[in-house]
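Asker: sequence and computational prediction follow.
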Amino acid sequence: MGKAGSDASMRCVHCGTPVAAVYVEYSPGNIRLSECAQCGYAADEYVECEMMIVVIDLILHKPEAYRHIFFNYPVLHKLNMLEFVWKTSLLILLLDSCKLCLRGVGKADVVQWESLALFLSTAGKVVAKVGLVNMVFLFTVLALTHVLPNIGPYAKSKWTDLLMAVVLSSYFKMFVLPMMVWEFSPLMALIIDMLVLSSNTVALKVMLNTSTPIAATAIAAGAFCRTLCRSLIDLVL
């Protein structure tokens, strides 16, 4: 018998308590889920589930699924999460840029295709604008997590964990891809934005071990500052 799925950074998906292991392996393919000493439930039953089940629970905004992805999944699969987060950030930057071009609210949001130089110039402005407003959102959220009350102590000091929570919980932005194929709908774009913000709230709540109102306040403030920054850029340009 051997202990597997063991790491100090792993947590119970139900209560967030650190656990020594999420399962014990008796033989290849024969495991027993570890029990959380704090809540008495299985520390992480997702280790026995297909990834599609985890994805469905993420879409349903279940905190247990977010804890599994943030704390346990990277350890179990030996992933370099920092590298994955940066790659995901670049993908989100491109998706947001495409959505901005499809929406085309301002003249500066339209990419010109007449020549290569004009394309690079206009596309560069769109990407720079999207990058700036997203940085304002992230910095606002990160700053508020250090001043808002009732923040869990174990994640407060790790900005990389907070960045991971916000970036990975923005998976709803992937729905921009089908919008690029079919007719663009402003209503659908708004729905996607709201789903992203609600997912960000759950992720921040899980990562900070705090309440929903506290997490929602940080995300709402970040969204407000992002909108304000976007409006100021449109006025200048």
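Answerer: Cool, got the structure.
Asker: residue ranges of each domain in the chain, please.
Answerer: Annotated domains of the chain cover 2-76, 81-236 [automatic domain parsing].
Asker: can you redo those domains as a markdown table with mean pLDDT and mean neighbour count?
Answerer: In this view, the C-beta of every residue, glycine as well, is placed from N, C-alpha and C. Below are the domains of the chain laid out as a markdown table (pLDDT from 0 to 100; neighbours: other C-beta atoms under 10 Å):
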| stretch | mean pLDDT | mean neighbour count |
| --- | --- | --- |
| domain 2-76 | 87 | 17 |
| domain 81-236 | 84 | 16 |
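Asker: verify the stated contact: C36 with E64.
Answerer: No. Counting by C-beta atoms under 8 Å, C36 does not reach E64; the two are 11.7 Å apart.
Asker: where is the longest helix in this protein?
Answerer: When the chain is scanned for its longest helix (criterion: DSSP state H), the result is helix 116-144.
Asker: same for it, what does it pack against?
Answerer: Helix 116-144 sits against helix 81-103, helix 159-168, helix 212-236, with contacts defined as 3 or more C-beta pairs under 8 Å, 6 or more residues apart in numbering; DSSP states H and E.
Asker: nearest residue to the residue nearest the centre of the chain in space, please, no chain neighbours.
Answerer: The chain has S169 as the residue nearest its centroid, 2.3 Å off, counting by C-alpha atoms, centre = their mean. Closest residue to S169 apart from its sequence neighbours, by C-beta to C-beta, 6 or more residues apart in numbering: A203 at 3.5 Å.
Asker: tell me the angle of whichever strand or helix holds that neighbour relative to helix 81-103?
Answerer: In the assignment (DSSP states H and E), A203 maps to helix 186-208. Angle of helix 186-208 versus helix 81-103, following axes from the mean of the first three to the mean of the last three C-alpha atoms, to 10 degrees, is 160 degrees.
Asker: export helix 186-208 to CSV, keeping only CA atoms.
Answerer: Provided in CSV are the C-alpha atoms of helix 186-208 (Å, rounded to 0.1, in the frame of the first residue of the first chain):
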residue,chain,number,x,y,z
PRO,A,186,-24.4,42.2,-28.7
LEU,A,187,-26.8,40.5,-26.3
MET,A,188,-24.8,37.3,-26.4
ALA,A,189,-21.6,39.3,-25.8
LEU,A,190,-23.2,40.9,-22.7
ILE,A,191,-24.3,37.5,-21.4
ILE,A,192,-20.8,36.2,-21.8
ASP,A,193,-19.3,39.2,-20.0
MET,A,194,-21.8,38.6,-17.1
LEU,A,195,-20.9,34.9,-16.9
VAL,A,196,-17.2,35.7,-16.9
LEU,A,197,-17.7,38.1,-13.9
SER,A,198,-19.8,35.6,-12.0
SER,A,199,-17.2,32.9,-12.6
ASN,A,200,-14.5,35.3,-11.5
THR,A,201,-16.4,35.9,-8.3
VAL,A,202,-16.6,32.2,-7.4
ALA,A,203,-12.9,31.7,-8.2
LEU,A,204,-11.9,34.7,-6.0
LYS,A,205,-14.1,33.5,-3.2
VAL,A,206,-12.5,30.0,-3.4
MET,A,207,-8.9,31.3,-3.7
LEU,A,208,-9.3,33.8,-0.8
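Asker: so what strands line up beside the longest strand along the chain?
Answerer: Ranked by residue count under DSSP state E, the longest strand found in the chain is strand 21-27. Paired neighbours of strand 21-27 in the sheet (DSSP bridges): strand 2-6 (antiparallel), strand 30-33 (antiparallel).
Asker: please save the CA atoms from it in CSV.
Answerer: Provided in CSV are the C-alpha atoms of strand 21-27 (Å, rounded to 0.1, in the frame of the first residue of the first chain):
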residue,chain,number,x,y,z
ALA,A,21,-3.4,13.5,0.5
VAL,A,22,-6.6,13.2,-1.5
TYR,A,23,-6.3,9.4,-2.0
VAL,A,24,-4.4,6.3,-1.0
GLU,A,25,-3.3,3.9,-3.7
TYR,A,26,-3.2,0.2,-2.7
SER,A,27,-2.3,-1.1,-6.2
